[in-house]
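Novice: Test case, fold it:
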Amino acid sequence: MQLSIRHETSYSYTAPQAYSIQQLHLTPRAEAHQHVLNWHLSTVGQIHGYTDAYGNLSHMLTINAPHSGLAIIAQGLVETTTPPGGRIPNGDTLSPLIYTVPTRLTAATPGILELAAAALPDGKAQTRQLMQLAEHIFGAVTYITGSTEVSTTAGSALAQGSGVCQDHAHIFLACCHARGIPARYVSGYIDPGNTSHAASHAWVDAWVEDGGYSGWISIDVTHARLMDDSYCRLAIGRDYDAAAPVRGMRRGGGGETMSVQVRIVPQ
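Specialist: Model prediction:
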């Protein structure tokens, strides 16, 4: 499948800003099941490309002049295929064990520990067990837009019983980490089809031991299904903080309003 993607993030400020810096994970990863046919980032200021610690194609944007707004547009065409069984080739130079370390967003709470112990064995898991965990989270945490914030932890979202895709992903990661199973956060896009879920999306990769296969599989916890060709992967990391599409800070007074518009059209 070919996905035509346009992602615009806009900031407006009530007072001019003296300085802004933004870390961008807005360029699709180069992986066996997806190929970037064309891609372009458009914004003001100085932009510097680099590869981060997780192998993500990243950019650092700096604006060192007074500004009252900022628009960042990422757009292009990506060709995707469905990885059989959701299996993602392990081309990483990092050990999967780095993805067993909890973060602030994926720290275990009593509720997380209880769910993890009930759903997963200790140290390794098969695809069917991980899918059962995804199905449980899907049923226990209702998708409600705006019910959480980017700073909401896995334990808080589980206790609340509602959240969005990043909360589903964080709960899944927290359960895996509690059992010593490597799992990592994925940010990207999904062709929403006729669903109401946002085209900007988050899901997970988890390490499985399935007979003759040991490696990553990619699971969309929000839809309790394996990743297919309707997904485009931007970045991986330990949690949202490591893989967020846009994350930064500014220097200046006043308030800030942010809006995000994502359009995905399958070709």
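
Novice: For the spatially most central residue of the chain, give the beta-bridge partners.
Specialist: Centroid check for the chain by CA atoms, centre = their mean gives Ser187 as the closest residue, at 2.2 Å. Counting by DSSP bridges, Ser187 is bridged to Ala202, Ala235.

Novice: So it sits against Pro245, correct?
Specialist: Yes: contact criterion CB atoms under 8 Å: Ser187 and Pro245 qualify, at 5.9 Å. In short, each C-beta sits where N, CA and C put it, glycine included.

Novice: anything in contact with each of the two?
Specialist: Shared contacts of Ser187 and Pro245 (CB atoms under 8 Å, 6 or more residues apart in numbering): 25, 200, 234-235.

Novice: Reformat those as a markdown table; add neighbour count, distance to Gln17 and pLDDT.
Specialist: Listed next are the shared contacts of Ser187 and Pro245 as a markdown table, based on neighbours: other CB atoms under 10 Å; distance: CB to CB, whole Å; pLDDT from 0 to 100:
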| residue | neighbour count | distance to Gln17 | pLDDT |
| --- | --- | --- | --- |
| His25 | 25 | 22 | 98 |
| Ser200 | 20 | 24 | 90 |
| Leu234 | 26 | 26 | 98 |
| Ala235 | 24 | 26 | 98 |
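
Novice: Could you single out the nearest of the residues you listed to Asn56?
Specialist: Ala235 (4.2 Å; CB to CB).

Novice: In contact with that closest one, which residues?
Specialist: Per CB under 8 Å, 6+ apart, neighbours of Ala235: 25, 29, 52, 54, 56, 58, 186-188, 242-245.

Novice: before we move on, what about Trp39?
Specialist: The contact partners of Trp39, by CB under 8 Å, 6+ apart, come to 27-28, 74-78.

Novice: ok, which pair from these is furthest apart?
Specialist: Between any two of the contacts of Trp39 (CB to CB), the greatest distance is 13.0 Å, for Thr27 and Leu77.

Novice: Settle it for me: which of the two has more neighbours?
Specialist: The neighbour comparison of Thr27 against Leu77 (other CB atoms under 10 Å) goes to Thr27, with 19 against 15.

Novice: Nearest residue to the more buried one in space, please, no chain neighbours.
Specialist: Of all residues not flanking Thr27 in the chain, Leu57 sits nearest, at 4.2 Å (CB to CB, 6 or more residues apart in numbering).
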